[in-house]
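A.B. asks: using only what follows, build the 3D model:
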Amino acid sequence: MTVPETIDQAARGYSTTLAYWLARASQLVYQDEAEVVAQAQAWGFDRVRHHLSRHEPPFPLEDTQAYTMASDRMIITAFRGTEADQIKDWLSDATTPPWPGPAGTGFVHYGFGEALDSVLPEVRNTLVEFRDNGQSVWFTGHSLGGALAMLAGAYTYLEDPRQLPDGVYTYGQPRTCDPLLAAAVDESFQQRMYRFVNNNDIVPQVPPEPPYAHVEALRYIDTKGKIHESVPFLGGLADQAAGLTSDPFAPASDGIRDHSLDAYVAALEKNLP
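C.D. replies: Now for the predicted structure:
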């Protein structure tokens with residue numbers, strides 16, 4: 001295993017190396033703006049724009065945060081997540097109406113729709129401004145940020161088919177939309193969208209199905225940190241049980257522990273070629 005010094009800006013398609021770096025980009029959004037700029041420049045991205053929108057009560061999130069960094073070859077927009085307990089409680093609230101999906105396709109959880117809508121116009125304008133050399137475009141995020149990254153990709157393409165992102169990588173993403181929109185995304189983003197789930201991570205288990213669904217392109221991380229493209233039914237159950245019994249003093253905490261973005265980054269680093 002060799003950890004590259006920086007992102008390969010010529011990368012296309014799927015690789016664990018690209019997944020690792022996009023997870024690192026998702027980590028960076030949790031830092032302050034100065035650290036984001038400094039690290040982006042160290043990775044070879046000379047332009048950075050921060051996206052922040054404050055929400056008014058009773059919306060459960062205080063703000064939506066993201067950043068876009070660009071070089072002459074690659075553009076990455078990373079969305080910030082939230083704590084596992086907070087998002088679990090929020091998504092369990094089924095009292096809000098659904099938010100209309102992109103181009104009239106299906107619907108999304110209201111909270112995701114409102115959170116994304118508060119920053120998506122600025123993100124779109126930034127992509128138009130920064131994409132001056134045919135750069136590849138990527139969306140990424142962890143937890144809530146993963147949901148917003150998936151939806152940003154869906155809205156970008158389904159509302160303007162000329163703007164198909166090169167890829168969307170998410171980590172610990174909750175169920176985001178109804179089956180109709182999930183199917184449309186699966187069809188449109190073949191070999192472009194990848195959803196990583198770490199063992200018993202609790203957040204991908206909410207909100208409930210039906211009415212909510214996941215996109216199909218799963219990458220499952222087992223208790224040993226190995227990445228699988230699918231989860232065999234019996235093997236998956238055994239692996240999830242192993243995760244639950246890994247800490248006999250706090251088995252219920254496994255779903256929260258597995259949601260940590262640090263755990264995703266560590267697992268991806270173990271799988272680097």
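A.B. asks: following element in sequence after the helix-or-strand element of the chain with minimal mean pLDDT, please.
C.D. replies: The weakest-scoring helix or strand in the chain, judged by mean pLDDT, DSSP states H and E, is helix 233-244 (a mean of 47). Once helix 233-244 ends, the next helix or strand along the chain (criterion: DSSP states H and E) is helix 254-257.
A.B. asks: now do that next one: which elements does it pack against?
C.D. replies: Helices and strands touching helix 254-257, as assessed by 3 or more CB pairs under 8 Å, 6 or more residues apart in numbering; DSSP states H and E, comprise helix 84-91. Heads up, the C-betas are built off the backbone N, CA and C, glycines and all.
A.B. asks: could you list every helix and strand in contact with the helix or strand hosting Met150?
C.D. replies: Here Met150 sits within helix 144-158, counting by DSSP H and E. For helix 144-158, the packing partners by 3+ CB pairs under 8 Å, 6+ apart come out as strand 63-70, strand 74-79, helix 110-117, helix 120-130, strand 136-142, strand 167-171, helix 179-188, strand 193-198.
A.B. asks: now the angle between strand 193-198 and that helix, please.
C.D. replies: Put simply, helix 144-158 runs at 170 degrees to strand 193-198, going by axes from the mean of the first three to the mean of the last three CA atoms, to 10 degrees.
A.B. asks: so for helix 144-158, what's the average pLDDT?
C.D. replies: Averaging pLDDT along helix 144-158 gives 97.
A.B. asks: surely Leu158 and Ala183 touch.
C.D. replies: No - using CB atoms under 8 Å, Leu158 is not in contact with Ala183; the gap is 12.0 Å.
A.B. asks: and the two? Which one has more around it.
C.D. replies: Leu158 (20 against 16; other CB atoms under 10 Å).
A.B. asks: which residue packs closest to the more buried one, ignoring adjacent ones?
C.D. replies: With CB to CB, 6 or more residues apart in numbering as the criterion, Leu158 has its nearest non-adjacent residue at 4.0 Å, and that residue is Pro102.
A.B. asks: now do the one you found against Val185, distance only.
C.D. replies: 9 Å (CB to CB, to the nearest Å).
A.B. asks: relative to Leu180, how far out is the residue nearest the centre of the chain?
C.D. replies: Closest residue to the average C-alpha location of the chain: Gly146 at 2.1 Å, with CA atoms, centre = their mean. From Gly146 across to Leu180, the span is 20 Å (CB to CB).
A.B. asks: now stretch 151-168: how far from the chain's centre is it?
C.D. replies: 14 Å (CA atoms, centre = their mean, to the nearest Å).
A.B. asks: circling back to that earlier point, closest to Asp258 out of the helices and strands packed on helix 144-158?
C.D. replies: strand 193-198 (4.5 Å; CB to CB).
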